[in-house]
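[1] Please work out how this folds:
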Amino acid sequence: MVWLFLLASLVAILIAAEFFTNALEHLGERLGISEGVTGSLFAAVGTAMPETMVPVLALVAGTDDPALNQEIGVGAIYGAPLMLATLVMSLTGLAVLRLRGPGGYITPEPTGFRRDLNVFLLAFGLAGLGLLIPPGWAHAGLARALLAIGLVLIYFLYVLLTLRRSSALVEQGHATEAHHAMFLARLGLPASLPVILLQLGLGLGLLVTGAKGFIAGVHELSDHLAISALILSLLIIPIATELPENVNSVLWIRRRKDTLAMGNVTGAMVFQGTALPALGLLLTPWQPQPSVVAAFAITVAGAGWLRLQASGPGLRVWHLGINGVLYAGFVLVALVGLA
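    The predicted structure is shown next:
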């Protein structure tokens, strides 16, 4: 029964992703904004809601066990960017492996792609510094609070920079374009802004519902596995919550909308590398447990590898395969830790 529930949740996510991406393309075209803004801000934050709600709900309104809540919260906070920087990136590349070949290029708008990765590495590095703050230090709380404020300010500046670049990118030919009719318009509704927003809301609502259903199914299956809540949050929950980003990016990259596809992932990385760690710094002990340190190191390695390739001749399909190898390495480390 649980397998049918998981399948139904996955189908809901796939349908919702089609609705969501279709509406976003029409919204971006209507507003006259660049693909970078549509992918890195609108799509990234919208599809990041399922994985954002997991740690928020765990830390603010979780179970009666504070330690369990903190383990789930910290695991989800680190697991989300880990999945994006490694597994989701590799699956996005895998989606076009047959079409473009291992040596084929993936060509997101370069300035926005590099900016996203630069901001993420800076912000996630600051979050990692919080792990080094001694818990018994008299000013530990103040130090973590200052880091949290810094992370929020970094995201605010990132949004301003992304919006500022939009007009120039539109003039350079990177405007958001919708190549298919809006789904609700096919039912006879006008392709007006209110209808676009209605379809966007329906898609987002179905995304969140499907992801929550998938999480519930994974939790039911996990009852048969003797693993800690932290490892569960690092490994299993992000797979479900990152499905919206991955499906949206796969749809876009197969349509050769590389800027939207990659911006959807890197924009979510920036959001989850700033807002979520800020929450963790304020509401959890934020201690350097082995699995947390491993997740942090592999996430930085995955993002750093992509940033290195973005400075070279170009990003190729096989480059994203390395990110998949990094994720496999983390799974191996986690399994060894469980043994």
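
[2] Could you list the low-confidence segments of the stretch 1-150 of the chain?
    1-3, 6, 10, 14, 17, 33-69, 72 (pLDDT under 70).

[3] ok, 90 please
    1-80, 109-112, 131-141 (pLDDT under 90).

[4] where exactly do the strands run in it?
    Secondary structure of the stretch 1-150 of the chain (DSSP state E, counting those that start in this stretch): strands at 105-106.

[5] which non-adjacent residue is nearest G101?
    Spatially, and ignoring its direct neighbours in sequence, G101 is nearest to V317 (6.8 Å; Cβ to Cβ, 6 or more residues apart in numbering). Heads up, the C-betas are built off the backbone N, CA and C, glycines and all.

[6] Now do the same for the one you found: its pLDDT.
    Per-residue pLDDT puts V317 at 95.

[7] do the same with S311
    pLDDT recorded at S311 is 88.

[8] Can I get stretch 315-322 in CSV, CA atoms only?
    Only the C-alpha atoms of stretch 315-322 are listed here, as CSV (Å, rounded to 0.1, in the frame of the first residue of the first chain):
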residue,chain,number,x,y,z
LEU,A,315,30.5,23.1,-18.6
ARG,A,316,30.1,19.7,-20.1
VAL,A,317,27.7,16.9,-19.4
TRP,A,318,30.3,14.6,-17.9
HIS,A,319,31.3,17.3,-15.4
LEU,A,320,27.9,16.9,-13.7
GLY,A,321,28.6,13.2,-13.5
ILE,A,322,31.4,14.0,-11.0
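
[9] Can you give me the buried ones in it?
    Within stretch 315-322, the residues that count as buried by 16 or more other Cβ atoms under 10 Å are 315-317, 319-322.

[10] all helices for the stretch 101-250 of the chain, in order.
    Counting by DSSP state H, counting those that start in this stretch, the stretch 101-250 of the chain has helices at residues 110-129, 140-164, 166-171, 193-222, 229-235, 237-241, 243-254.

[11] thinking again about what came up before, could you list which of the buried residues of stretch 315-322 belong to strands?
    Among the buried residues of stretch 315-322, the subset assigned to strands under DSSP state E consists of 315-316.

[12] And for stretch 81-99, what's in contact with it?
    Residues from elsewhere that reach stretch 81-99, judged by Cβ atoms under 8 Å, 6 or more residues apart in numbering: 104, 106, 120, 124, 234, 238-239, 242, 245-246, 249-250, 253-254, 261-262, 265, 268-269, 272-273, 276, 295, 298-299, 302-303, 306, 317-327, 330.

[13] Please report the distance of G136 from Q287.
    12 Å (Cβ to Cβ, to the nearest Å).

[14] my bad, A138
    17 Å.

[15] Tell me which of the helices of the stretch 101-250 of the chain sits nearest to G280.
    The closest of the helices of the stretch 101-250 of the chain to G280 is helix 110-129. By Cβ to Cβ, the value is 7.6 Å.
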